[in-house]
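**Student:** 3D model of this:
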Amino acid sequence: QVQLVESGGGLVQAGGSLRLSCAASGRTFRRDAMGWFRQAPGKEREFVATISWSGISTDYVDSVKDRFTISRDNAKNTVYLQMNSLKPEDTAVYYCNAVYSYRDHEPIGSWGQGTQVTVSS
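**Tutor:** Below is the predicted model of the structure:
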């Protein structure tokens, strides 16, 4: 089982950037596809981006394509989400989790505490 700690959130103006990090512990990290998800107030948690265990393949929700980039460093057991050109509608709590595959956005296991991203207009 993988334990997850998200960080890097904050308050930023529209058009700004943030880089989220997710530190994972657990022996299966290097073999797990990973994903970022977000939950805005009053809405269900949604898929944002996923990455294969090798880091070669990625997938994004349409609303963040060309603005967000997911990456991973298996040596550091960490997955990242670089967020550029942020919009107020990106405001949410962001979570990471293992997924069954980068194409299958279904999360595995427990959620961490998440990190709050707030984008002001």
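
**Student:** for the residue nearest to the spatial centre of the chain, what are its contacts?
**Tutor:** Centre of the chain computed as the mean C-alpha position; nearest residue by CA atoms, centre = their mean is residue 36, 2.4 Å away. Taking CB atoms under 8 Å, 6 or more residues apart in numbering as the definition of contact, the neighbours of residue 36 are 20, 22, 48-50, 70, 79, 81, 94-96. Every residue, glycine included, has its C-beta placed from N, CA and C.

**Student:** Count residues in the vicinity of the spatially closest residue to residue 38 that is not a sequence neighbour, would you?
**Tutor:** With CB to CB, 6 or more residues apart in numbering as the criterion, residue 38 has its nearest non-adjacent residue at 3.8 Å, and that residue is residue 92. Other residues within reach of residue 92 by the criterion other CB atoms under 10 Å amount to 22.

**Student:** Residue 92 and residue 32, how far apart?
**Tutor:** Taking CB to CB, to the nearest Å as the measure, residue 92 falls 23 Å from residue 32.

**Student:** show me where this structure has strands.
**Tutor:** With strands called from DSSP state E, the chain shows them at 3-7, 10-13, 18-25, 33-39, 46-51, 58-60, 68-73, 78-83, 92-99, 107-108, 115-120.

**Student:** Can you list the buried residues in the last one?
**Tutor:** The one in question is strand 115-120. Buried residues in strand 115-120, counting neighbours by 16 or more other CB atoms under 10 Å, are found at 115, 117, 119.

**Student:** Same question for the second one.
**Tutor:** Buried positions in strand 10-13, judged by neighbour count with 16+ other CB under 10 Å: residue 12.

**Student:** need the contact list for the nearest residue in space to residue 107 that is not next to it in sequence.
**Tutor:** Ranked by CB to CB, 6+ apart and with sequence neighbours excluded, the top spatial neighbour of residue 107 is residue 97, at 4.0 Å. Taking CB under 8 Å, 6+ apart as the criterion, residue 97 is in contact with 4, 34-35, 37, 107-109, 111-112.

**Student:** So which of those residues sits lowest on pLDDT?
**Tutor:** In terms of pLDDT, the least confident member of these is residue 109, at 81.
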